[in-house]
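Visitor: have a look at this prediction, sequence included:
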Amino acid sequence: MLVKTFGSAVSGVDAYTITIEVNVSQGIRFHLVGLPDNAVKESQQRIESALKISNYKWPGHKIVINMAPADIRKEGSSYDLPLAIGVLAASTQIDDSLLANYIIMGELSLDGSLQPVKGVLPMAIKAKEEGFKGCILPIQNAKEAAVVGGLQVYGFENISEVIGFLDGQSDAEPIQLNTEEEFSKGIQTVDFDFSDVKGQESVKRALEIAAAGGHNLIMIGPPGAGKSMLAKRLASILPPLSLDEALETTKIHSVAGKTNSKNSLITQRPFRSPHHTISDAGLIGGGSFPQPGEISLAHNGVLFLDELPEFKRTVLEVMRQPLEDRNINISRARFSIDYPASFMLVASMNPCPCGYFNHPEKQCVCSPGVVQKYLSRISGPLLDRIDLHIEVVPVPFNKLAETPPSEKSIEVRERVVNARKLQNERFASNEKVHCNAQMTGRMLAKYATPDENGMAILKTAMERLDLSARAYDRILKVSRTIADLEDSVSIQSHHVAEAVQYRSLDRSGWGA
């Protein structure tokens, strides 16, 4: 008897449907075709054990299973459940009338219990697009799939419960989840707050500007000055995620296996901080079994690179294209996939190997030329994509001992949100540009031209500070953001003057 069940596979952050055809006929051999990998081929042993413990039997006949489309490689153990259900239905041990209505996915343990799988959210989205009635999944994945409205999602703990549902012997109810309520419940939660930071008002101002315009930022300062502490609080002042952004972000984390029943929908902007020993593939994604990298996991959020010069040069250079295009394309001999990568880059670094160059109290012990050599580990093209350079100095004791609390993140976020609203209106006609940091040269001429005094200040700064040509566009973009924070239509001289201060590493002789 020939029976079809339906599963799903993930490519990039999107899913496609897999049709599993099971034919049980006269004979004694078992054939599994359709480019399965070793994990799929090993499913026979897991299925046999699970069926035996669940009081069902593996058919003593010839079994041929085809996983279509047959030219696409099937990977992982998540096909155990649809394969097992297909074998039972084809051997007439269970009813097959409901199989065409559901996407079925799950890994089987030897005792028949179901283990969670990756990529459930894109699978559920695809199931809805293709008109399936619902999904049958492990209980741990059900809440995540239920984020997709208009789809019946059933979560089960073992294969016996699945069989009971398909045979009509179970009164299982689909998982109910109010997506908007789940989204609004977690959107205002803040793990780190700006009010925890004493002093560092100039750095807080730079972070506010970065958040308001979507600008990349680098902080340079000695150890213990508070660079990491400040970076962790940047996500708390970014505009809240929209529901579409939350779904897009959750899809990426679902594919990477970073979601669970407690965080079925990501409502906070991601903050990723990889260690400096990370590999190229770990940062941008890929590998033998393609997975999103850190830059994709930071999509719609912040990627923080602590001690930037300590990262391998090749790892840093692979970020140049994603920083411009806001997506990453991974091309290999067997596949080509795209991952979104629209993130804010925040980096920190010591000014020299010992960490105390330009320190107000401690003496730098580095030999001549070592400081410049240390800074040169960061290439010009990468530095060119960082809009704000801010020097962080240690907080004096009298500031640390102050009891009055600093401004809270929610107060700063209000100003950032108002500035982003102006930018959304300004760039409403261009789908690829959402904030000032993404402006093209033509847009700069249209939206970011300073007044006469502002242009004079910019000209003087370029000449006296020996700023590089690449700093010109960056200063204009930051000036436009500072003006937006003040709700100013035009860019005035004090906006340009403040923006010039954030180009420390472009100054001739810095660190020489």
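Guide: Cool, got the structure. Numbers count the residues shown, from 1 in each chain.
Visitor: so who does L265 touch?
Guide: 144, 147, 179, 182-183, 186, 246-247, 250 (CB atoms under 8 Å, 6 or more residues apart in numbering). Any C-beta I mention is one placed from the backbone N, CA and C, and that applies to glycine too.
Visitor: closest to the centroid, which residue in the chain?
Guide: Centroid-nearest residue in the chain: L297, 2.3 Å away (criterion: CA atoms, centre = their mean).
Visitor: residues in contact with the nearest residue to that one once chain neighbours are set aside?
Guide: Nearest residue to L297, sequence neighbours excluded (CB to CB, 6 or more residues apart in numbering): R272, at 5.2 Å. Contacts here follow CB under 8 Å, 6+ apart; on that basis R272 touches 294, 297-298, 301-304.
Visitor: rerun at 10 Å
Guide: Contacts for R272 (CB atoms under 10 Å, 6 or more residues apart in numbering) come out as 283, 293-299, 301-305, 343.
Visitor: Serialize those to CSV and add fields for secondary structure and pLDDT.
Guide: Shown next, in CSV, are the contacts of R272 (DSSP: H, G, I helix; E, B strand; the rest coil; pLDDT from 0 to 100):
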residue, secondary structure, pLDDT
L283, helix, 92
G293, coil, 92
E294, helix, 95
I295, helix, 94
S296, helix, 94
L297, helix, 94
A298, coil, 94
H299, coil, 94
G301, coil, 93
V302, strand, 95
L303, strand, 95
F304, strand, 96
L305, strand, 95
F343, coil, 93
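Visitor: if you rank those by neighbours, which is first?
Guide: Sorting these by how many neighbours each has (other CB atoms under 10 Å) puts S296 first, at 30 neighbours.
Visitor: look at the closest residue in space to that one that isn't next to it in sequence and say how many residues are nearby.
Guide: Counting by CB to CB, 6+ apart, S296 lies nearest to Y339, which is 4.1 Å off, once chain neighbours are set aside. Here the number of neighbours of Y339 (other CB under 10 Å) works out to 25.
Visitor: in contact with Y339, which residues?
Guide: So Y339 contacts 12-13, 252, 255-256, 284-286, 290-293, 295-297, 299, 322, 327-330 (CB under 10 Å, 6+ apart).
Visitor: separate out the buried members of those.
Guide: By neighbour count, with 16 or more other CB atoms under 10 Å, the contacts of Y339 hold 12-13, 252, 255-256, 284-286, 290-293, 295-297, 299, 322, 328, 330 as buried.
Visitor: can you flag which of those belong to helices?
Guide: Mapping those onto helices (DSSP state H) picks out 252, 255, 284, 295-297, 322.
Visitor: and which of the residues you listed is nearest I475?
Guide: Distances from I475 to these, taken as CB to CB, are shortest for P322 (23.6 Å).
Visitor: and the gap between that closest one and L345?
Guide: Computed as CB to CB, to the nearest Å, the P322 to L345 distance reads 9 Å.
Visitor: who touches both of these two?
Guide: Common neighbours of P322 and L345 (CB under 10 Å, 6+ apart) are 295, 303, 385.
Visitor: possible to save those residues as a markdown table with distance to S113?
Guide: Listed next are these as a markdown table, based on distance: CB to CB, whole Å:
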| residue | distance to S113 |
| --- | --- |
| I295 | 36 |
| L303 | 37 |
| R385 | 49 |
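Visitor: of these, which is the nearest to Q169?
Guide: I295 (48.2 Å).
Visitor: neighbours of the closest residue to that closest one other than its chain neighbours, how many?
Guide: Using CB to CB, 6+ apart and skipping the chain neighbours, the partner closest in space to I295 is A341 (4.5 Å). Neighbourhood size, A341 [other CB under 10 Å]: 26.
Visitor: shouldn't A341 be in contact with N327?
Guide: Yes: between A341 and N327 there is a contact at 5.4 Å, judged by CB atoms under 10 Å.
Visitor: quick one: common contacting residues for those two?
Guide: Common neighbours of A341 and N327 (CB under 10 Å, 6+ apart) are 295-296, 299, 321.
Visitor: tally of neighbours for the closest residue to G112 other than its chain neighbours?
Guide: Spatial nearest neighbour of G112, excluding adjacent residues (CB to CB, 6+ apart): A50 at 4.0 Å. Burial of A50 is recorded as 25 neighbouring residues (other CB under 10 Å).
Visitor: go on, K408?
Guide: 15.
Visitor: per-residue pLDDT of it, please?
Guide: Listed pLDDT for K408 reads 87.
Visitor: likewise the one 3 residues further on?
Guide: Note for E411: predicted pLDDT of 90.
Visitor: can you map out the strands along the stretch 51-200 of the chain?
Guide: 62-68, 102-104, 107-108, 114-115, 134-138, 152-156 (DSSP state E, counting those that start in this stretch).
Visitor: what packs against the longest one?
Guide: When you say that, I think you mean strand 62-68. Contacts defined by 3 or more CB pairs under 10 Å, 6 or more residues apart in numbering; DSSP states H and E place strand 62-68 against strand 2-11, strand 14-25, strand 30-33, helix 43-53, helix 80-90.
Visitor: orientation of the fourth one relative to strand 62-68 in degrees?
Guide: Computed with axes from the mean of the first three to the mean of the last three CA atoms, to 10 degrees, the direction of helix 43-53 lies at 120 degrees from that of strand 62-68.
Visitor: if we can go back for a sec, please name the bridge partners of the residue nearest to L297.
Guide: L303 (DSSP bridges).
Visitor: quick one: it from L241, how far?
Guide: 15 Å.
Visitor: one more: A235?
Guide: 10 Å.
Visitor: and what of G112?
Guide: From G112 to L241 the distance is 39 Å (CB to CB).
Visitor: quick one on the thing from earlier: so which of the ones in helices among the buried ones among the contacts of Y339 comes closest to D37?
Guide: Of these, the one sitting nearest to D37 (CB to CB) turns out to be V255, at 17.1 Å.
Visitor: flag the shaky bits of the stretch 401-512 of the chain, pLDDT-wise.
Guide: 401-404, 506-512 (pLDDT under 70).
Visitor: how about the strands in it?
Guide: Going by DSSP E, counting those that start in this stretch, the stretch 401-512 of the chain shows no strands.
Visitor: tell me where it has helices.
Guide: 409-426, 441-447, 452-464, 470-485, 493-501 (DSSP state H, counting those that start in this stretch).
Visitor: any chance of those in CSV with mean neighbour count as columns?
Guide: CSV is the format used below for these (neighbours: other CB atoms under 10 Å):
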stretch, mean neighbour count
helix 409-426, 17
helix 441-447, 13
helix 452-464, 15
helix 470-485, 24
helix 493-501, 21
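Visitor: columns distance to Q26 on top of the ones you listed, output as JSON lines?
Guide: Shown next, in JSON lines, are these (distance: least, CB to CB, whole Å):
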{"stretch": "helix 409-426", "distance to Q26": "66"}
{"stretch": "helix 441-447", "distance to Q26": "71"}
{"stretch": "helix 452-464", "distance to Q26": "85"}
{"stretch": "helix 470-485", "distance to Q26": "73"}
{"stretch": "helix 493-501", "distance to Q26": "80"}
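Visitor: and of those, who's closest to H215?
Guide: helix 470-485 (6.4 Å).
Visitor: that closest one vs helix 409-426, what angle?
Guide: Going by the same axes, to 10 degrees, helix 470-485 makes 110 degrees with helix 409-426.
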